[in-house]
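**Student:** Sequence first, then the predicted structure:
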Amino acid sequence: MPTQAHADHAAFDPRPRSRRTRTALAATGALALLAVGACGAADTGGGDAKTVSLHTPSWVGAEVNTAVAAYLLEHELGYEVKTQQMDETPAWDAMSQGKIDAILEDWGHPQEVKRYVEGNKSVVPAGDLGVTGHIGWFVPKYLADEKPDITDHKNLNTYADVFKTPESGDKGQFIKGDPSYVSHDNALIKNLGLNYKPIEAGAEATHLAQLEQLYKNKKPFLTYWWTPQWMNATMDLVEVKLPPYKDGCDADKKAVACAYPDVPLKKWMNADFAKEGGDAAEFLKNFHWTTEQQNLVAKYVAADKMTAEKAAEKWVKENESVWKAWLPKK
C-alpha cells in the first residue's frame, strides 16, 4: 500500500487501501485465465520471439488495462505477452530489475519514484494512463433529480431524515466503504457538523451488493464511492460537493474538512525497455484511455462474467478508432 496517491499530495493516498478485495467480484478467475493464456504463449514461443512482460494488479480496473494492452500487442504487433500478478511495491522492484517491463496503473509510490526514477534511474515515466482516480461522497441520480440541493454538503442536515435507517437511529446513515480503505469520512462528518452516523458496509463485495440492491429498489443512500469503478457503468450516481481540496488540507487526519483530491494515474517502464523495447515500448507509452472506457471493460469482467481476454477482445473490436492511435507510426 503506497503512503500517498499523488506526488503533490504527500499526506494522503485516496486509493482504497486494500486492492486485494477487488478480486471478490470475479476478477480472480478472469485474471487467472488471462495470465495462463498469456504466459503460456510467451513460454512456448521461439527463442527469438518478441516478448513483453506486464504487471497485472489485483483489482479489476487495472487488470483490464493489461488485458487490452496484451491483446493489442499480440494481435496487432506480433508480440507474445507474459503477465505477472504481484502487489504494487514488489512490482516496482521487479520492474527496476527488468523482470517486468511496465506498470500500466500506478496510484502513487513516492518512495519507489525516489529510489528507482530519481535514484538509480532504472525506471522511467511512461505517461498518464488517462484515468483519474477519485474518492468522494455520492447519492443516486434519481434522488438528486428529486432533491437537487441534496448534492451540496451544506444541505445534508436538511435531508438527514431521508437517510435514516434502524442502524443509524435518529441520524442519517452514511455508508462507509471497506474498513481497510483510506477514508476521512468519520472526521468529515464530525468537522462539517453533519447529523449522520457512519455505518461500515463491510468488505467491498458486500458494499457493492448493498448499493446494487438499494439502487435497484430506488432507495435513498449516501455513500463513500470512488472511480474508476466498474459499477459506474451500471449505476448513475451524483457526487455531493464537499469543501474544495487544497494542498495540505488532509494533513491532520482528525481535522480534515475538505474533499478528496483527484489523482491522475501513471504508467512506468523499465528504463532499458523504454529505450530498446521498440514498437512495444512505443505502444505502451501511447496507451491512453478514459475512466469510462476502463469502467466498461471492467464491467464485462466483473458483472458480465467474461474472461479478461474476451472482454479485451470485445472492446478492441468495437473501438478501433480509439486504439489505432496507440499503434506505432510506420
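**Tutor:** Alright, I've got the coordinates. Numbering: from 1, shown residues only.
**Student:** Tell me which other helices or strands the helix or strand containing residue 68 touches.
**Tutor:** Taking DSSP states H and E as the criterion, residue 68 maps to helix 60-75. On a contact count with 3 or more C-beta pairs under 8 Å, 6 or more residues apart in numbering; DSSP states H and E, helix 60-75 meets helix 27-44, strand 51-56, strand 80-85, strand 102-106, helix 278-286, helix 291-302, helix 308-318. (C-beta placed from N, C-alpha, C; glycine too.)
**Student:** can I get these in CSV with distance to residue 193 and mean pLDDT?
**Tutor:** Below are those laid out as CSV (distance: least, C-beta to C-beta, whole Å; pLDDT from 0 to 100):
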stretch, distance to residue 193, mean pLDDT
helix 27-44, 39, 38
strand 51-56, 44, 95
strand 80-85, 44, 94
strand 102-106, 37, 95
helix 278-286, 48, 98
helix 291-302, 32, 91
helix 308-318, 45, 97
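**Student:** Average pLDDT for stretch 320-330, rounded please.
**Tutor:** Summarised as a single mean, pLDDT over stretch 320-330 is 94.
**Student:** Oops, could you answer that again for stretch 212-228 instead?
**Tutor:** Here the average pLDDT along stretch 212-228 is 95.
**Student:** May I see the buried residues of that stretch?
**Tutor:** Buried residues in stretch 212-228, counted by 16 or more other C-beta atoms under 10 Å: 214, 215, 220, 221, 222, 223, 224, 225, 226, 227, 228.
**Student:** Identify the farthest-apart pair in the residues you listed.
**Tutor:** 220 and 228 (24.9 Å; C-beta to C-beta).
**Student:** quick revisit: next, the angle from the helix holding residue 68 to strand 51-56.
**Tutor:** 170 degrees (axes from the mean of the first three to the mean of the last three C-alpha atoms, to 10 degrees).
**Student:** picking up where we left off before, return the member of the buried residues of stretch 212-228 nearest to residue 106.
**Tutor:** Each of the buried residues of stretch 212-228 was scored against residue 106 by C-beta to C-beta, and residue 228 proved nearest at 13.4 Å.
**Student:** tally of neighbours for the closest residue to the closest one other than its chain neighbours?
**Tutor:** Counting by C-beta to C-beta, 6 or more residues apart in numbering, residue 228 lies nearest to residue 61, which is 4.4 Å off, once chain neighbours are set aside. Look at residue 61: counted by other C-beta atoms under 10 Å, it has 26 neighbours.
**Student:** With residue 301 instead?
**Tutor:** Look at residue 301: counted by other C-beta under 10 Å, it has 28 neighbours.
**Student:** where does residue 131 fall, helix, sheet strand or coil?
**Tutor:** When classified by DSSP: H, G, I helix; E, B strand; the rest coil, residue 131 comes out as strand.
**Student:** Stretch 109-128: which residues count as buried?
**Tutor:** For stretch 109-128, by 16+ other C-beta under 10 Å, it's 109, 110, 112, 113, 115, 116, 117, 122, 123, 124, 126.
**Student:** follow-up on the earlier one: give me the distance from the helix holding residue 68 to the chain's centre.
**Tutor:** 15 Å (C-alpha atoms, centre = their mean, to the nearest Å).
**Student:** ok, now stretch 300-310?
**Tutor:** The chain centroid and the centroid of stretch 300-310 are separated by 16 Å under C-alpha atoms, centre = their mean.
**Student:** Can I get it as PDB, trimmed to CA atoms?
**Tutor:** What follows is stretch 300-310, C-alpha atoms only, in PDB (Å, rounded to 0.1, in the frame of the first residue of the first chain):
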ATOM      1  CA  TYR A 300     -17.600  -7.000 -18.800                       C
ATOM      2  CA  VAL A 301     -15.300  -8.900 -16.400                       C
ATOM      3  CA  ALA A 302     -16.900  -8.300 -13.000                       C
ATOM      4  CA  ALA A 303     -20.600  -8.100 -13.900                       C
ATOM      5  CA  ASP A 304     -20.900  -9.900 -17.200                       C
ATOM      6  CA  LYS A 305     -18.500 -12.700 -16.100                       C
ATOM      7  CA  MET A 306     -16.400 -12.500 -19.200                       C
ATOM      8  CA  THR A 307     -12.700 -13.500 -19.100                       C
ATOM      9  CA  ALA A 308     -10.400 -10.600 -19.200                       C
ATOM     10  CA  GLU A 309      -9.100 -11.700 -22.600                       C
ATOM     11  CA  LYS A 310     -12.600 -12.000 -24.100                       C
END
